[in-house]
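In: Dropping the sequence and predicted coords here.
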Amino acid sequence: VLKNDVIDSSWKEKKIAIIGQENTFKIIKSKDEPKNPETTTNIPINKDEITTSCNCVAFRFDGVQDYWLNDVQLAYINTFIEKNIPLTVGIIADSFGNDQKITAIVKDASSKNKIEIASEGIGSTPFTNYSKQEQDKLLKQSIVEILNNAGVRPHIFVPPQNQYNEDTKQVLIENKFTHVSGSVSQEEVLEFPLKDETLYKFPETATTGKYDVEQNLFVGISNDETFADTVDSLKKYGFAVITSNPQQFAIIKNGTYTNQINENQFNELSGLIKKLQSEKIRIVFIGKINLDSETIILPQWIKKNAGWWADDQIDDITFVQGIQYMIQKEIIKIPKSSDATDTENKEIP
């Protein structure tokens, strides 16, 4: 209760869930004496929360190059082409173009918009080792190499060893790159805007493999682990970028990668894709993450209702009614095939 724009503490507080229906309640004045007005606090203004989310996932395949594990590279790329699923392919520009086995499929798939091409620069040395002028020269060289050998000009940059700096960002902008995709661990801040950026940063947030210190090799991991990291990324950032490299999908013999397909890891990849599809999480190119994002306004009372429910101050039925209200008013959008108005099922996951 307000008195002269401040809380009148002589009135007791009553928590009421907003569910789009009439609520009957009583407000009873406390017998306690009100506090000195000088000690009261102005009521904070509760603003709606504005958030942007793509609720989408991009797959990034790193290290595409001539001759090295090319059967494994082809199998990975073809997995996405055959399933008609977007894939961003990172090309090491100065190591690509002579092996027709891999070049032909990349060029053909790119021309049909089956894959998106990203530049991984020249060589494997981090761009941070170079001056701005040197970085600009290397970036321009990568553009020419990829344009000549893949038939497309890249606008996505995957920095070698995931490292880049302010000079890198400047030369990317000057050379009309729109996106850079490194890794979260290399970022100074963990905020990745999905709107109104000159250069979008969408780093790796999940991966299909990891570096095994004991074997000194990259090995694949389960789709359960990758999926869990993906879901966590969607909650944190509104998007996820899942990275893979050929080593994770090659059979290892005598401590060495072989150009043989690891069927188990390809099964894990297929399982991951199925999980994403079953959860209706869209798969897009990295360059489409910002284009497919939506700005969502969450009314402040949604958070309050959830907090009261978590603290057992409102019951499950009331909380479910609030969720149903949001669905009916299209504050929350769900697939049409789901029965959003089922009032019998009160189970809350």
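Out: Structure's in. What do you need?

In: Mind jotting down where the helices sit in the stretch 51-200 of the chain?
Out: In the stretch 51-200 of the chain, the segments counted as helices under DSSP state H, counting those that start in this stretch are 70-83, 100-111, 132-150, 166-174.

In: mean confidence for stretch 231-243?
Out: Mean per-residue pLDDT for stretch 231-243: 94.

In: Helix or strand: which one has the nearest residue to residue 217 once chain neighbours are set aside?
Out: Ranked by CB to CB, 6 or more residues apart in numbering and with sequence neighbours excluded, the top spatial neighbour of residue 217 is residue 252, at 6.1 Å. (Glycine included, C-beta is placed from N, CA and C.) Per DSSP states H and E, residue 252 falls inside strand 250-253.

In: which parts of that strand are buried?
Out: 250, 252 (16 or more other CB atoms under 10 Å).

In: Quick check: what element follows it along the chain?
Out: Following strand 250-253 toward the C-terminus (DSSP H and E): strand 256-261.

In: Return the list of strands paired to that following strand, each annotated with direction.
Out: strand 250-253 (antiparallel) (DSSP bridges).

In: Only C-alpha atoms, please: export the partner strand in PDB.
Out: Extracted in PDB, the C-alpha atoms of strand 250-253 (Å, rounded to 0.1, in the frame of the first residue of the first chain):
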ATOM      1  CA  ALA A 250      38.600 -40.600 -36.900                       C
ATOM      2  CA  ILE A 251      39.600 -44.100 -35.600                       C
ATOM      3  CA  ILE A 252      42.800 -43.900 -33.500                       C
ATOM      4  CA  LYS A 253      45.400 -46.700 -33.900                       C
END
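
In: Of the helices of the stretch 51-200 of the chain, give the one that comes closest to residue 309.
Out: Closest to residue 309 of the helices of the stretch 51-200 of the chain, according to CB to CB: helix 70-83, at 39.8 Å.

In: so the closest one versus helix 100-111, what angle?
Out: Computed by axes from the mean of the first three to the mean of the last three CA atoms, to 10 degrees, the angle separating helix 70-83 from helix 100-111 equals 30 degrees.

In: What is the burial count for residue 327?
Out: 15 (other CB atoms under 10 Å).

In: For my notes, confirm it occurs in a helix.
Out: Yes: membership of residue 327 in a helix is supported by DSSP: H, G, I helix; E, B strand; the rest coil.

In: pLDDT score assigned to it?
Out: 74.

In: Ok, the one 3 residues further on next?
Out: pLDDT recorded at residue 330 is 64.

In: for residue 313, same thing?
Out: Looking at residue 313, the pLDDT reads 79.

In: check which helix or strand covers it.
Out: Using DSSP H and E, residue 313 falls within no helix or strand.

In: any low-confidence regions in the stretch 51-200 of the chain?
Out: 51-52, 188-189 (pLDDT under 70).

In: how about a cut-off of 90?
Out: 51-55, 184-191, 193-196 (pLDDT under 90).

In: wouldn't the residue nearest to residue 217 be in contact with residue 218 here?
Out: No: the criterion here is CB atoms under 8 Å, and residue 252 misses it with residue 218 at 9.3 Å.

In: Quick check: nearest residue in space to residue 306, chain neighbours excluded?
Out: Nearest one to residue 306, counting by CB to CB, 6+ apart, is residue 319 at 7.6 Å.

In: domain ranges for this protein?
Out: Per the TED database, the structural domains of the chain span 9-28+297-348, 56-288.

In: Looking at these, which one is packed in the most?
Out: Of all the domains of the chain, domain 56-288 carries the top mean neighbour count, a mean of 18, counting by mean count of other CB atoms under 10 Å.

In: what's the span of that one, first residue to last?
Out: With CA to CA, to the nearest Å as the measure, domain 56-288 spans 9 Å from end to end.

In: Offset the numbering so it begins at 551, please.
Out: With the count now opening at 551, the last piece we talked about shows up as domain 606-838.

In: from the chain's centre, how far out does it sit?
Out: 14 Å (CA atoms, centre = their mean, to the nearest Å).

In: With residue 669 as the reference, measure out to residue 789.
Out: Using CB to CB, to the nearest Å, one obtains 21 Å as the distance from residue 789 to residue 669.

In: no wait, residue 723
Out: Counting by CB to CB - residue 723 and residue 669 are separated by 14 Å.

In: who touches the strand holding residue 802?
Out: 619, 622, 765, 767, 769, 807, 808, 809, 810, 811, 812 (CB atoms under 8 Å, 6 or more residues apart in numbering).

In: Stretch 779-791 now?
Out: 601-610, 731, 740, 742, 744, 752-757, 792, 826, 831, 836, 839, 843.

In: Paired strands for the longest strand seen in the chain, with orientation please.
Out: Ranked by residue count, the top strand of the chain under DSSP state E comes out as strand 606-614. For strand 606-614, the paired strands and their directions (DSSP bridges) are strand 637-641 (parallel), strand 789-794 (parallel), strand 832-833 (parallel).

In: Present the ones you listed as JSON lines; the columns should include distance to residue 818.
Out: Formatted as JSON lines, the strands paired with strand 606-614 follow (distance: least, CB to CB, whole Å):
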{"stretch": "strand 637-641", "distance to residue 818": "16"}
{"stretch": "strand 789-794", "distance to residue 818": "11"}
{"stretch": "strand 832-833", "distance to residue 818": "16"}
